[in-house]
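Provided below are the primary sequence and the corresponding predicted coordinates.
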There are 2 protein chains.
Amino acid sequence: MTPTPSITNVAVVGTGVIGRSWIQVFARAGCRTRVFDQDAAQLDRARAWLVEDLDLAVADGFTTAGEAKALAARVTWHRAPGDAVSDAGWVQESGPEQLDRKQSIYAALDPVAPPETILGSSTSTLDMTEIARGLAGAGRCIVAHPVNPPHIVPAVEILGGAQTAPRVVERTIEFMRSLGQTPVVLKKYVFGFALNRMQAALVREAVSLVESGVADVDAVDACIRDGLGLRWALMGPFGVGHTNADGGIREYYHKYGSAYVGLCQALGGPVPDWNPGMVDRIATGTEAMAGPPSKVPKILKWRDRLVRRIRALKTQDPHP
Amino acid sequence: MTPTPSITNVAVVGTGVIGRSWIQVFARAGCRTRVFDQDAAQLDRARAWLVEDLDLAVADGFTTAGEAKALAARVTWHRAPGDAVSDAGWVQESGPEQLDRKQSIYAALDPVAPPETILGSSTSTLDMTEIARGLAGAGRCIVAHPVNPPHIVPAVEILGGAQTAPRVVERTIEFMRSLGQTPVVLKKYVFGFALNRMQAALVREAVSLVESGVADVDAVDACIRDGLGLRWALMGPFGVGHTNADGGIREYYHKYGSAYVGLCQALGGPVPDWNPGMVDRIATGTEAMAGPPSKVPKILKWRDRLVRRIRALKTQDPHP
């Protein structure tokens, strides 16, 4: 983590799984973090989660008790949006993933946030052009879409709407970097942005392989967790391609381009329809592999612990 | 590594990048490993690589000088296939990826290998039904397709041809497990098997995102290496889906199935054609991101070092 965030006062609006994780991103970096949720029970759950998750991070040695205490001391909890937002330089909105709900939230935030405040959204699918349409402050609205959970996984997709000011994009990139996140700058809107499109492409083929009887759930997952995923934790598809020939990706793609075209053409096929029978088959296979849903909280803790350790390996020994 | 491989005498046929890595898999597990290549220069390169790679593993603390010496002492180098194969219980063929070449190699191996010997192929695309067609020993021929490099990345796709005996499939699974590899059992042939189909699905979308101007090479790769890949090193797409809702993947897919269908339908589009302009754009972006091809050897060493460390993390703290 860099010690000084480029924006020091932050509001977190919405405290579901994504919103509550953002609290840690900001407060860990040193931001004064004001948290708003209109749902008091949800706000209480987020507060309890923060205490529990920080205790765990201390127990696992990722932070000290003193740092955790200092982090928590930077967070305050609010039931009125104005209280959270009126002094913020950055607002992170993580409300429901529906255009009309996002529009309402933005319409409520825009008049109460100071003019220079950036209004960032965690939306994973919506176009900021639509969310901010007609707002006086449309120029300061921007998508900042994280991977779940952002306090563990650093990538954040950054994309303005048609009216977003270039300076807002620049300040967002700078801010995310100063928080220790990895800004992924998109150049134009496409449904699912970049990250979830690549995830969906993989999931689609994974589902097809199970549905067509090529492999079972555990075999498909083993290809990733004991195969491709070990390299993808270090390099994306182009970085991996660069290591596949002495002449780098240029030689590799020249040599194997036609093989890739053939393989890509062989994929295609009908989009799986997620019908109840299909969902049941995959869920049954997944539960046999990974355990019942009651085990998920334990798996999540393990995931977070190991992702932190993988990131530490990469920090200590970065890409040459 | 388990201490006792279920087959103790092994022949490695073909010593390119995949074949030479297999030498370490077998000899590390304790197999007497006889290596054959008809190309003397290639054989010499593989021998030099083994020395260099073992020295590096010692220097990096992954093995001791004594273990490396013992491993190397289990390997012998041969210019006649009979010398390598006549005493082998397992043959790992890693020749050129062309059906007629594989057929010639299998036709040469089948008469000189003892009847109980399994003839495994590293093929990444070919159907064992075709490779072994007409061979007296077709029943003992099987695909064992690794990820590059197999001494670092454990997944191995296992698939027999139409004539492969069920007992050969069982023995192959058992053998791969006894070597410390992860057998991924496929149930029927499909072009690209499972692993490379999923890789191609991701690469296709990655290329599309760059070609359509949504994101540049580095941004696409950052989505994976600082995002999805950190989770995929631990869990495949179904394991990840299982962690996305309190009720596991059953609830998650019921809730978001229609969103996935929409996203999968939005992907589609024409298959990129890997034309020279496209290859140049991606190669230029990749070189700007990861360095010139001259840096690839250094990147490979880093990849291998970090994948070993990630695997060690998972061994010490396995999925709950």
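Everything's here; your move. Residues are numbered from 1 along each chain as shown, chains lettered A, B, ... in the order given.

Could you point out which residue ranges in chain A have low pLDDT?
Residue ranges of chain A with pLDDT under 70: A:1-3.

Please, where are all the helices along it?
Here chain A has its helices, by DSSP state H, at A:17-28, A:40-59, A:65-73, A:81-85, A:99-112, A:128-131, A:166-179, A:195-211, A:217-223, A:229-232, A:237-242, A:248-267, A:276-290, A:296-316.

Columns distance to chain B and mean neighbour count on top of the ones you listed, output as CSV?
Just so you know, the C-beta spots here come from the backbone N, C-alpha and C atoms, and that holds for glycine as well. Formatted as CSV, those follow (distance: least, C-beta to the nearest C-beta, whole Å; neighbours: other C-beta atoms under 10 Å in any protein chain shown):
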stretch, distance to chain B, mean neighbour count
helix A:17-28, 9, 25
helix A:40-59, 12, 16
helix A:65-73, 21, 14
helix A:81-85, 27, 20
helix A:99-112, 14, 17
helix A:128-131, 15, 20
helix A:166-179, 11, 18
helix A:195-211, 4, 24
helix A:217-223, 3, 26
helix A:229-232, 3, 27
helix A:237-242, 5, 27
helix A:248-267, 3, 18
helix A:276-290, 4, 18
helix A:296-316, 5, 18
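
Could I get the ones you listed in a markdown table, plus columns for distance to B:I23?
Putting the helices of chain A into a markdown table (distance: least, C-beta to C-beta, whole Å) gives the following:
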| stretch | distance to B:I23 |
| --- | --- |
| helix A:17-28 | 45 |
| helix A:40-59 | 43 |
| helix A:65-73 | 48 |
| helix A:81-85 | 61 |
| helix A:99-112 | 57 |
| helix A:128-131 | 54 |
| helix A:166-179 | 44 |
| helix A:195-211 | 31 |
| helix A:217-223 | 23 |
| helix A:229-232 | 20 |
| helix A:237-242 | 23 |
| helix A:248-267 | 24 |
| helix A:276-290 | 32 |
| helix A:296-316 | 27 |
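
Tell me which of those helices approaches B:S212 most closely.
In this view, the helices of chain A are compared for proximity to B:S212 by C-beta to C-beta, and helix A:195-211 is the closest at 10.5 Å.

And the residue nearest the centre of chain A?
The residue lying closest to the centre of chain A (C-alpha atoms, centre = their mean) is A:V147, at 1.5 Å.

I'd say that one and B:R225 touch.
No. Applying C-beta atoms under 8 Å, one finds A:V147 not in contact with B:R225, separated by 11.6 Å.

so who does A:Q38 touch?
Going by C-beta atoms under 8 Å, 6 or more residues apart in numbering or on different chains, A:Q38 touches A:79, A:81.

how much space between it and chain B?
Noted for A:Q38: a distance of 22 Å to chain B, by C-beta to the nearest C-beta, to the nearest Å.

Could you check how far the closest residue in space to A:F193 that isn't next to it in sequence is from B:G269?
In space, and not counting its chain neighbours, A:F193 is closest to A:E157: 4.9 Å by C-beta to C-beta, 6 or more residues apart in numbering or on different chains. Going from A:E157 to B:G269 by C-beta to C-beta, to the nearest Å gives 20 Å.

List the contacts of A:P320.
Here A:P320 is in contact with B:291, B:295, B:298-299, B:302 (C-beta under 8 Å, 6+ apart).

likewise A:I282?
By C-beta under 8 Å, 6+ apart, the residues touching A:I282 are A:207, A:210, A:217, B:238, B:249, B:253.

do you know how far the last one is from A:M198?
I take that to be B:Y253. 19 Å.

Check A:G82 too.
With distances taken as C-beta to C-beta, A:G82 is found 39 Å from A:M198.

Kindly report the same for A:E157.
Distance from A:E157 to A:M198, by C-beta to C-beta: 11 Å.

Common neighbours of those two, please.
Shared contacts of A:E157 and A:M198, counting by C-beta under 8 Å, 6+ apart, come down to B:C223.

quick one, phi/psi of the residue nearest to the centre of chain A?
Taking degrees, to the nearest 10, you get phi -90, psi 150 for the backbone angles of A:V147.

can you pull the contacts of it?
Contacts of A:V147 (C-beta under 8 Å, 6+ apart): A:153-156, A:195, B:227-228, B:231.

how about a cut-off of 10 Å?
Counting by C-beta atoms under 10 Å, 6 or more residues apart in numbering or on different chains, A:V147 makes contact with A:18, A:21, A:124, A:153-157, A:181-182, A:184, A:195-196, A:199, B:223, B:226-228, B:230-231.

Report the separation between it and B:T284.
Counting by C-beta to C-beta, the gap from A:V147 to B:T284 is 27 Å.

returning to what we had before: neighbour-wise, which of A:E157 and B:G269 wins?
Using other C-beta atoms under 10 Å in any protein chain shown as the criterion, A:E157 and B:G269 rank with A:E157 on top: 25 against 11.

can you pull up the bridge partners for the more buried one?
In this entry, A:E157 is beta-bridged to A:H145, A:V184, by DSSP bridges.

you'd agree it is up against A:I173?
No. With contacts counted by C-beta atoms under 10 Å, A:E157 stays clear of A:I173, the gap being 11.4 Å.

Can you work out which residues contact both of the two?
Here A:E157 and A:I173 share the contacting residues A:144, A:183-185, scored by C-beta under 10 Å, 6+ apart.

And these, which is closest to B:W49?
Here the nearest of the shared contacts of A:E157 and A:I173 to B:W49, counting by C-beta to C-beta, is A:V184; it sits at 36.3 Å.

Surely A:N9 is in contact with A:T76?
No. The pair A:N9 / A:T76 is not scored as a contact, 11.1 Å apart, by C-beta under 10 Å.

Quick check: neighbours shared by the two?
When contacts are counted by C-beta under 10 Å, 6+ apart, A:N9 and A:T76 have A:32-34 as shared neighbours.

out of those, which are buried?
If you count burial by 16 or more other C-beta atoms under 10 Å in any protein chain shown, the buried members of the shared contacts of A:N9 and A:T76 come out as A:32-34.

Can you tell me which of the residues you listed is closest to B:A48?
Relative to B:A48, the closest of those is A:T33; by C-beta to C-beta it sits at 56.4 Å.

Surely that closest one touches A:F26?
Yes. With contact defined as C-beta under 10 Å, A:T33 counts as touching A:F26 (4.5 Å).

For A:P146, see how far away whichever residue of the stretch 51-200 of chain A sits closest to chain B is.
At 3.4 Å from chain B, A:A155 is the closest residue in the stretch 51-200 of chain A, using C-beta to the nearest C-beta. As for A:A155, its distance to A:P146 is 7 Å (criterion: C-beta to C-beta).
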